[in-house]
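In: sequence below, structure please.
(2 chains)
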Amino acid sequence: MLDVVEEKLKVTNVGLTFHNQRTKRSLRVLDGISFGVREGELVSIVGPSGCGKSTLLAGVDGLVGFDVGEIRIDDQVVTKPGPDRGVVFQHDSLFPWRTVRQNVSYGLEIQKTLPPGEIACRALQFIELVGLKGFEDSFPNELSGGMRQRVNIARALAVDPELLLLDEPFAALDAQTREFMQFELLRILGRAQKTGLFITHQIDEAIFLSSRVVVLSARPARVKEVVEIDLPSDRTLDLKHSPRFSELFRHIWALIEEETSKMNLGVAGEGAST
Amino acid sequence: MNDLANTRADVRPFRAGLGALIARNENFLLGAITVIALLSFWEMSVRLDWVNPLFTSSPSRIAITAYTMFTDGSIYPHLAVSGLELLVGFSLAIVVGIPLGILMGWYRRLNAALDPIVSALYATPRIALVPLIVIWFGIGLGSKFAIIFLSSVFPILINTIAGVRTVDPDYIKVARSFGANDWQIFRTVAFPSSVPFLLTGLRLGLGHALIGIVVGELYAAQAGIGFLISLSGATFQTDKVMVGIIIIASTGVLFTNVLRMIERRFDQWRSSHDQ
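Out: The predicted model follows:
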């Protein structure tokens, strides 16, 4: 096995079928998915809604097991959640009874790898990194959606994970805040030097953030195509108006559109699940 | 709620002196006026011989009776007995209700096993159990502890169960993904998120405990505020009945407000709970 480039995350031939106890029906969600994420790279996964993107991410996190295939991080097979992964969930899911500082230090408290003094110090460092200095003692309900998502990112980063998993983290934000947060995410990831796996249904977001985009097919999800994003690695917002960006956008959009129409024809009436 | 009220008050045009004072305390003043009007009417009805004070008593008679009972010390044994009953019975309900509620909320099987008993006892009017309890625990303090305990434990238990069961699954997912074990999930997620429920349970439980005092002492007792009420009632001492009622009512109001204040401390984050 001579891999030319070191792969941080390796997903090999992963498949999953859900069995509904009540309706006695089986639903094939994932089918033979394989792809890799290299060290320091951000890879996005896009696909028609309900195709199983979030399930795949939960699998990488170790919250969901698979029927076949395996997921390796640094050549270690994933079986359960571990400190090498940090997750930024779709709903910010900040603990409302904890202040920003307490939320960010949550993972460190659970993992108990640092003495309390150092935990506080680390939390502050990441609060500063995401640009929330001065809000350490605010409660989540006192923050805007964008700020909460920053806290969410800081909480995931504070445990110093090898791999950052982001499950549509900006889906609930308004368009302007989302663009700004995309830019911020790149800055934060660059500073923290993290490898990331990003789930989204926004094609432009996927292109803008990633070095590669994995396009999934309709359910059961297969890898339809892995699109290399050959844009300059120094991403700025005006890149979104470049011809190459539009070309990539149209290409991925066509891929997904093809799958969406297939989904509507083929499995009409089947409940969506993500 | 509070914020909204404050903002609205700020918007009001500024008025100087007495006007401003009245505007600021409008709700309190309206309430006070109603109470004073009612009391005056009551006093007047007795003074003008519209009604017989033997049946209705009157504010001034109640005040005088209360004053003599406190100065000659005849009220204190009753207060001490009922206070002790409340303390022991309610504390027991907390000590049993909260941990059991947490366990029943957390472990589905335990809940399934105990639910029939809890539901049955909760649905039974506790007053129906009083004769049995007196047979088992006698007419002394023991039976009162038991009655107050049984009255207040269920609201506490049921609210605690609800609190633990309604933890947002998203929070548990976060904890799990950080590798939290069951105990850590309980301590950092399930417990803090059920605190508001728990306090509501305590507040309701306290109300039931006060009912328990009266009911318990009504049936068989030698002292206590409930006993004072029932004995004075049987001997047509309406003034003393009223004193007893006022003591029970003010205890309820006092404790309820203390618990409300504690609840309000949690409102800082609670308002974001349903988003």
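In: element containing the closest residue to B:Ala220 other than its chain neighbours, please.
Out: Of all residues not flanking B:Ala220 in the chain, B:Ile139 sits nearest, at 4.0 Å (Cβ to Cβ, 6 or more residues apart in numbering or on different chains). No exception for glycine: its C-beta is placed from N, CA and C like everyone else's. Counting by DSSP states H and E, there is no helix or strand that carries B:Ile139.
In: now the strands for the chain?
Out: Using chain A here. For chain A, applying DSSP state E gives strands covering A:7-20, A:25-38, A:42-46, A:68-73, A:76-77, A:85-88, A:163-167, A:195-199, A:212-216, A:223-228.
In: so which of the ones you listed comes closest to chain B?
Out: Across those, chain B has its closest neighbour in strand A:85-88 (4.7 Å, Cβ to the nearest Cβ).
In: what's the spacing between the closest one and its chain's center?
Out: 8 Å (Cα atoms, centre = their mean, to the nearest Å).
In: is that strand anywhere near chain B?
Out: Yes - contact of strand A:85-88 with chain B is found when judged by Cβ under 8 Å from any Cβ of the partner chain, involving A:85, A:87.
In: sorry, back to before: for B:Ala128, find the nearest of the strands of chain A.
Out: strand A:7-20 (45.9 Å; Cβ to Cβ).
In: mind listing what the closest one pairs with, with the direction of each?
Out: strand A:25-38 (antiparallel), strand A:68-73 (antiparallel) (DSSP bridges).
In: state the mean pLDDT of the longest one.
Out: Model confidence over strand A:25-38, given as mean pLDDT, is 84.
In: nearest to B:Ile133, of the strands paired with strand A:7-20?
Out: Going by Cβ to Cβ, the one of those nearest B:Ile133 is strand A:25-38, 54.2 Å.
In: and the stretch 51-200 of chain B, which of its residues are near chain A?
Out: B:168, B:170-171, B:173-180, B:184, B:188-189, B:192-193, B:195.
In: mark which of those are buried, thanks.
Out: Buried members of those, counted by 16 or more other Cβ atoms under 10 Å in any protein chain shown: B:171, B:173-180, B:184, B:188-189, B:192-193, B:195.
In: now the two most distant members of those.
Out: Longest span within those, Cβ to Cβ: B:Gly179 and B:Val195, 24.4 Å.
In: distance of the nearest residue in space to A:Thr99 that is not next to it in sequence relative to B:Gly142?
Out: Residue nearest to A:Thr99 in three dimensions, not counting chain neighbours: A:Asp137, with 5.0 Å by Cβ to Cβ, 6+ apart. A:Asp137 sits 50 Å away from B:Gly142, taking Cβ to Cβ, to the nearest Å as the criterion.
In: same check on A:Gln21?
Out: Taking Cβ to Cβ as the measure, A:Gln21 falls 50 Å from B:Gly142.
In: which of these two has more neighbours?
Out: Using other Cβ atoms under 10 Å in any protein chain shown as the criterion, A:Gln21 and B:Gly142 rank with B:Gly142 on top: 14 against 6.
In: in which helix or strand would I find the more buried one?
Out: helix B:141-165.
In: the helix or strand that that helix is followed by to strand A:163-167, inter-axis angle?
Out: Toward the C-terminal end, the helix or strand that comes next after helix B:141-165 (DSSP H and E) is helix B:169-177. Interaxial angle of helix B:169-177 relative to strand A:163-167 (axes from the mean of the first three to the mean of the last three Cα atoms, to 10 degrees): 170 degrees.
In: got the contact list for stretch A:185-196?
Out: The contact list for stretch A:185-196 (Cβ atoms under 8 Å, 6 or more residues apart in numbering or on different chains) reads A:8-9, A:37-43, A:129-130, A:153, A:157, A:161-166, A:169, A:209, A:235.
In: near chain B, which residues of the stretch 51-200 of chain A?
Out: Near chain B, when you scan the stretch 51-200 of chain A using Cβ under 8 Å from any Cβ, you find A:61-63, A:80-83, A:85, A:87, A:89, A:91, A:93, A:95-98, A:106-107, A:109-111, A:139-141, A:159.
In: ChimeraX command for the buried members of those?
Out: Listed next is the ChimeraX selection for buried residues among those, using 16+ other Cβ under 10 Å:
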select /A:61,62,81,82,83,85,87,89,91,93,95,96,97,98,106,107,109,110,111,139,140,141,159
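In: the residues of the stretch 51-200 of chain A next to chain B in helices, which ones?
Out: A:61, A:106-107, A:109-111 (DSSP state H).
In: can you give me the helices in chain B?
Out: B:2-11, B:17-24, B:26-47, B:53-56, B:59-71, B:76-106, B:108-123, B:130-137, B:141-165, B:169-177, B:182-185, B:191-219, B:225-234, B:238-270.
In: what helices and strands are in contact with the last one?
Out: Under the contact definition 3 or more Cβ pairs under 8 Å, 6 or more residues apart in numbering or on different chains; DSSP states H and E, helix B:238-270 sits against helix B:53-56, helix B:59-71, helix B:76-106, helix B:191-219, helix B:225-234.
In: mean pLDDT added to those, as JSON lines?
Out: Shown next, in JSON lines, are the helices and strands packed on helix B:238-270 (pLDDT from 0 to 100):
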{"stretch": "helix B:53-56", "mean pLDDT": "86"}
{"stretch": "helix B:59-71", "mean pLDDT": "93"}
{"stretch": "helix B:76-106", "mean pLDDT": "94"}
{"stretch": "helix B:191-219", "mean pLDDT": "90"}
{"stretch": "helix B:225-234", "mean pLDDT": "92"}
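In: distance of A:Asp95 from B:Pro192?
Out: Actually, residue A:95 is Phe rather than Asp. Applying Cβ to Cβ to A:Phe95 and B:Pro192 gives a distance of 7 Å.
In: quick check: bridge partners of the closest residue to A:Phe89 other than its chain neighbours?
Out: Closest residue to A:Phe89 apart from its sequence neighbours, by Cβ to Cβ, 6+ apart: A:Asp167 at 5.5 Å. Residues in a beta bridge with A:Asp167, per DSSP bridges, are A:Ile199.
In: tell me the buried residues in stretch A:21-37?
Out: A:27, A:29-31, A:33, A:35-37.
In: ok, B:Met44 to chain A distance?
Out: For B:Met44, the distance to chain A equals 51 Å [Cβ to the nearest Cβ, to the nearest Å].
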